[in-house]
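**Q** Everything below, folded, please.
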Amino acid sequence: MRHIYLDYAASAPLRELAREAEEAYEQSEIAGANPNSLHTLGRQAARALDGARRDIVRSLGGGFRPQDLAFTSGGTESNNLALHGLAAGAQERDRKRNRIVISAIEHDSELDVAPSLRAEGFAVDLVRPNRAGIITPDALEALIGSDVALVSVMSANNETGMVQPIADLAKVAHQAGALFHTDAAQAAWRIPLADALTQVDAVSLAAHKIGGPVGIGALIVRGRTPLRPMTFGGGQENGRRPGTQDVRSALAFAAAAKFCASSLEETRSTVAARAQGLYELLCANGTGIEPTTSAQMGNDRLPGIVSVMTRRLDSESLVLKLDQAGFEVSAGSACSSASLDASHVLLAMGISRDIALGSLRVSFDERVAQEDLDAFGQALLQIVSESKH
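**A** Down below sits the predicted model:
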């Protein structure tokens with residue numbers, strides 16, 4: 001049986017251009033050379049690494065410089081470093097800033113940092129979304145104060161696909177003298193972000209969300225923004241994230257980023273239309289399936305994430321039945337899909353636990369064919385319909 005993979009928001013298949021970049025590196029003279037060594041091959045590896053850094057920053061936009069980017073092992077490490085490092089850096093600059101505000105719909109790699117931040121003496125407050133899944137500037141303004149060191153709100157939610165007004169939220173944070181970080185792992189190179197990112201102090205990225213390799217990401221921290229490192233030894237990445245860099249993966253990351261940036265407008269339009277069609281099929285009257293948010297497709301949603309729920313089956317049953325039918329999807333965030341509890345994102349939006357337990361996330365990019373989405377839609381409709389009997 002052919003399996004149709006529809007869990008791109010968890011990890012997208014490696015793009016051919018990224019694979020070619022890895023193979024070209026392996027066949028090159030610098031394969032395995034340490035980019036921190038002074039000899040010829042080390043210097044060549046360093047130039048290749050700097051080229052990847054430059055390509056990623058330029059394709060992302062936002063006015064960042066190549067030297068602002070520190071390579072990491074992925075989005076989770078980037079978010080951990082951002083929260084701990086930026087909060088500590090802000091407090092070193094102003095001792096009264098002992099509070100951090102993050103959104104209630106963040107990825108677990110931020111929410112699960114809260115206990116350790118509190119152990120370091122920070123108070124952590126959550127800003128909640130409205131029913132549509134949006135963190136509004138008014139909601140943030142109600143929590144902000146001169147004691148806030150850092151605000152962190154993701155650019156787009158990994159479960160619902162809702163795009164957040166990060167430029168406006170960053171302005172609220174900056175008016176109070178706080179730093180602003182955004183996790184753009186889902187949104188980067190899928191929607192235009194360049195203008196919004198000019199307003200933020202730091203951004204987290206993950207290569208495997210766009211078809212780059214698993215195991216590499218980045219934290220970009222603007223200019224002189226204070227950041228205390230979490231790890232020590234070697235001084236790589238301007239001392240922000242020491243350790244010998246993975247040049248091969250950096251080159252593949254850059255190849256995927258450049259391709260996605262160059263094709264963004266065409267890809268976005270195609271994928272958004274396919275997502276809208278799937279919503280219309282699944283959430284028609286009488287299907288027993290409904291969207292997690294009433295927001296319309298377009299600028300408010302990421303293309304390629306379809307987030308639905310049903311009262312008739314729980315998420316685990318849906319995922320397993322679809323897997324048996326040959327379709328690979330997830331119940332919200334892949335990082336927490338083993339949990340039997342309802343999605344924290346949907347609960348924060350005010351959705352009742354009873355229906356939130358039946359949530360499902362379908363995610364894809366332009367590489368998934370329309371006929372595969374149609375087949376998936378019919379399979380899900382049949383599964384839900386049979387649950388009535």
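**Q** Just the helices from this protein, written as ranges.
**A** With helices called from DSSP state H, the chain shows them at 16-26, 40-60, 75-93, 108-111, 114-119, 137-143, 166-175, 194-197, 247-262, 264-282, 315-324, 344-348, 353-356, 370-386.
**Q** Now do the buried residues in the fifth one.
**A** Counting neighbours by 16 or more other CB atoms under 10 Å, one finds that the buried residues in helix 114-119 are 114, 117. Backbone N, C-alpha and C define where each C-beta goes, glycine included.
**Q** Relative to the whole chain's centre, how far out is it?
**A** 22 Å (CA atoms, centre = their mean, to the nearest Å).
**Q** likewise the last one?
**A** Centre-to-centre, helix 370-386 and its host chain are 27 Å apart (CA atoms, centre = their mean).
**Q** Is it possible to get the helices of the chain out as a markdown table so that each row also shows distance to Asp68 and mean pLDDT?
**A** Shown next, in a markdown table, are the helices of the chain (distance: least, CB to CB, whole Å; pLDDT from 0 to 100):
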| stretch | distance to Asp68 | mean pLDDT |
| --- | --- | --- |
| helix 16-26 | 22 | 98 |
| helix 40-60 | 7 | 98 |
| helix 75-93 | 13 | 97 |
| helix 108-111 | 20 | 96 |
| helix 114-119 | 24 | 96 |
| helix 137-143 | 25 | 98 |
| helix 166-175 | 16 | 98 |
| helix 194-197 | 11 | 97 |
| helix 247-262 | 15 | 98 |
| helix 264-282 | 22 | 96 |
| helix 315-324 | 39 | 96 |
| helix 344-348 | 30 | 96 |
| helix 353-356 | 38 | 93 |
| helix 370-386 | 38 | 97 |
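**Q** Output those helices as CSV; include the columns distance to Ser152.
**A** What follows is those, written out as CSV (distance: least, CB to CB, whole Å):
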stretch, distance to Ser152
helix 16-26, 28
helix 40-60, 18
helix 75-93, 6
helix 108-111, 6
helix 114-119, 11
helix 137-143, 11
helix 166-175, 9
helix 194-197, 14
helix 247-262, 22
helix 264-282, 25
helix 315-324, 27
helix 344-348, 15
helix 353-356, 24
helix 370-386, 33
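**Q** Can you tell me which of these is nearest to His181?
**A** His181 sits nearest to helix 75-93 of all those, at 4.7 Å, using CB to CB.
**Q** circling back: out of the helices of the chain, which is closest to Ser363?
**A** Here helix 264-282 is closest among the helices of the chain (CB to CB), at 9.2 Å.
**Q** and the angle from that closest one to helix 40-60?
**A** 60 degrees (axes from the mean of the first three to the mean of the last three CA atoms, to 10 degrees).
**Q** list the buried ones in helix 264-282?
**A** Buried residues in helix 264-282, defined by neighbour count with 16+ other CB under 10 Å: 264, 267-268, 270-272, 274-279, 281-282.
**Q** Ala206 is nearest to which of the helices of the chain?
**A** Nearest to Ala206, of these and by CB to CB, is helix 75-93 at 3.5 Å.
**Q** Work out the gap between that closest one and the centre of the chain.
**A** 17 Å.
**Q** Counting by contacts, list what it packs against.
**A** Counting contacts by 3 or more CB pairs under 8 Å, 6 or more residues apart in numbering; DSSP states H and E, helix 75-93 is packed against strand 69-72, strand 99-103, helix 108-111, helix 114-119, strand 148-152, strand 179-183, strand 202-206, strand 217-221.
**Q** contacting residues around the first one?
**A** Just to be clear, that refers to strand 69-72. 53, 56-57, 78, 81, 216-221, 237-238, 240-241, 245-246, 250 (CB atoms under 8 Å, 6 or more residues apart in numbering).
**Q** residues near the closest residue to Ala206 other than its chain neighbours, how many?
**A** Closest residue in space to Ala206, ignoring its immediate chain neighbours: Gly75 at 3.5 Å, by CB to CB, 6 or more residues apart in numbering. For Gly75, the tally of surrounding residues (other CB atoms under 10 Å) stands at 26.
**Q** Is it correct that Gly75 is in contact with Glu110?
**A** No: under the criterion of CB atoms under 8 Å, Gly75 makes no contact with Glu110, lying 9.9 Å away.
**Q** Quickly list what's touching both of the two.
**A** Asp183.
**Q** what distance separates stretch 262-273 from the middle of the whole chain?
**A** So, by CA atoms, centre = their mean, the centroid of stretch 262-273 is 18 Å from its chain's centroid.
**Q** before we move on, the earlier item: distance to Thr287 for the helices and strands packed on helix 75-93 - can I get that in a markdown table?
**A** Shown next, in a markdown table, are the helices and strands packed on helix 75-93 (distance: least, CB to CB, whole Å):
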| stretch | distance to Thr287 |
| --- | --- |
| strand 69-72 | 42 |
| strand 99-103 | 31 |
| helix 108-111 | 31 |
| helix 114-119 | 38 |
| strand 148-152 | 37 |
| strand 179-183 | 33 |
| strand 202-206 | 33 |
| strand 217-221 | 38 |
